[in-house]
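Student: this one's structure only:
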């Protein structure tokens, strides 16, 4: 039986996760970010405030909550989402996974670092005592906080707004003043390259705009419902499907069109070339690269992958080459090892050939694991676990170039596996359920 509420209304607090459903009135505890204590942090009803506004966190980077109590209700609503599709053990495992991600997203905030600071500046015994004061927590709640603490006490979150300089430099968004030459063209950052290559060299801004008009005239509700109803497809591609739900909304499609119009581009301009550094630097910020050019291309590529051969929109996407990634005479799948491997190749240029970036990455103690966590968001083209492994791998490769007597002091280092030259092969786009 489905819970009598939706995750957008949250009229009650629900704790089930396979056990007895318990309802109590929500009584949010408002707390300014700078006043967060360990006890308030672990209290599911706490709403952290900053500048007079709640500090949100999310699952999949897109489904936002103000408190963990709200997240409990969403997790509970997912428990019976596919009554015939999952065993009891599989439902419990998914609930535990969502709970772990929700706790990490609450603690590792993109807006304020105080929650993480509070967790890391208390002992595990102090955390256990604080958790013991929580009444009727869902299964695994305490374990989730312990796991988050153990992960982040020796980790650096590498992203564009990191409070740590090295964390910002190791973001793809980091602007490169002199530009970076990748595969015969100059880009303002590695982010600019990564998003630009998702567009075939021949496709124009006008063609992109025409495709958006087709998308706006399409009723996406039945198409999304088919993805939602197939538990096997959804669970293997949860982030990609939530990403599509967000970006195929009418207001979002209109936003894409408005943003393209705002850029003062000509219809005959080529989408890939305008993202390169040509007559001007930083025509687009890294943020615009991701949320405009990147999200737009990802949406097109994912719709192609999840559509059946009978869908007319699939033909329209193929005509405009959103059926894979084109590099010179090569083509490989949007969701493929070949495309993902390209990230490591461009990092070899940034961190191995540009001395100033090599010095930054090797300066980070090897006991500090490099991580990338943004509101539990992911990336369909290069999943975060693979991205993180590449990030730690490129640091090892950079350390190999440093004379042994100048390497940072460290223990427990491992050798770097031999690298093969990147040679993407011709490949068909991966199926929707093979990511």
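Tutor: Perfect, I can see it now. Keep in mind the model is a prediction, meaning the values are calculated, not measured.
Student: now name the helix or strand holding residue 309.
Tutor: Under the criterion DSSP states H and E, no helix or strand holds residue 309.
Student: residues near it, how many?
Tutor: 6 (other Cβ atoms under 10 Å). Placement of C-beta: from N, CA and C, glycine included.
Student: low-confidence ranges, the stretch 301-435 of the chain, go.
Tutor: Along the stretch 301-435 of the chain, segments meeting pLDDT under 70 span 404-435.
Student: can we see that at 90?
Tutor: Across the stretch 301-435 of the chain, the ranges flagged by pLDDT under 90 are 380, 402-435.
Student: what's the answer for the stretch 1-150 of the chain, then?
Tutor: Using pLDDT under 90, the flagged stretches of the stretch 1-150 of the chain are 1-35, 83-85.
Student: try it again at 80.
Tutor: 1-34 (pLDDT under 80).
Student: pLDDT score assigned to the residue lying closest to residue 220 once chain neighbours are set aside?
Tutor: Excluding the flanking residues, the one nearest residue 220 by Cβ to Cβ, 6 or more residues apart in numbering is residue 248, at 4.5 Å. Reported pLDDT at residue 248 in the predicted model: 98.
Student: contacting residues for residue 248?
Tutor: Contacts for residue 248 (Cβ atoms under 8 Å, 6 or more residues apart in numbering) come out as 215, 220, 224, 299, 303.
Student: what's the answer for residue 322, then?
Tutor: Contacts of residue 322 by Cβ under 8 Å, 6+ apart are 200, 211, 297, 300-301, 303-304.
Student: thought residue 338 was touching residue 327?
Tutor: No - counting by Cβ atoms under 8 Å, residue 338 does not reach residue 327; the two are 9.3 Å apart.
Student: who has more neighbours, those two?
Tutor: Set residue 338 next to residue 327 and count neighbours by other Cβ under 10 Å: residue 338 wins out with 19 against 15.
Student: helix or strand for the more buried one, which one?
Tutor: helix 337-348.
Student: which strands or helices does that helix pack on?
Tutor: helix 190-196, helix 384-400 (3 or more Cβ pairs under 8 Å, 6 or more residues apart in numbering; DSSP states H and E).
Student: residue 307: what's it in contact with?
Tutor: Here residue 307 is in contact with 223, 313-314, 317 (criterion: Cβ under 8 Å, 6+ apart).
Student: so residue 326, which state does it fall into?
Tutor: strand (DSSP: H, G, I helix; E, B strand; the rest coil).
Student: what does residue 77 give?
Tutor: helix.
Student: repeat for the one 4 residues further on
Tutor: Per three-state DSSP, the local secondary structure of residue 81 is coil.
Student: just read off the phi/psi values of it.
Tutor: The phi and psi values for residue 81, taken as degrees, to the nearest 10, are phi -60, psi -40.
Student: show the contacting residues for the spatially closest residue to it that is not a sequence neighbour.
Tutor: Spatial nearest neighbour of residue 81, excluding adjacent residues (Cβ to Cβ, 6+ apart): residue 231 at 7.5 Å. Contact partners of residue 231, counting by Cβ under 8 Å, 6+ apart, are 81-82, 85-86.
Student: could you pull out the strands for the chain?
Tutor: Counting by DSSP state E, one finds strands in the chain at the ranges 12-15, 22-25, 29-32, 46-50, 53-54, 57-59, 63-65, 155-157, 180-182, 185-187, 325-327, 330-332, 369-371.
Student: and among the ones you listed, the most buried is which?
Tutor: Highest mean neighbour count of these: strand 57-59, a mean of 24 (counted as mean count of other Cβ atoms under 10 Å).
Student: counting by contacts, list what that one packs against.
Tutor: Secondary-structure packing of strand 57-59 (3+ Cβ pairs under 8 Å, 6+ apart): strand 63-65, helix 68-79, helix 88-107.
Student: how far away from the center of its chain is the second one?
Tutor: It refers to helix 68-79. Here helix 68-79 shows a centroid-to-chain-centroid distance of 21 Å under the convention Cα atoms, centre = their mean, to the nearest Å.
Student: helices and strands around it, which ones?
Tutor: Counting by 3+ Cβ pairs under 8 Å, 6+ apart, helix 68-79 packs on strand 12-15, strand 57-59, strand 63-65, helix 88-107.
Student: in the longest one, what's buried?
Tutor: Residues 91-92, 94-96, 98-107 are the ones in helix 88-107 that count as buried (16 or more other Cβ atoms under 10 Å).
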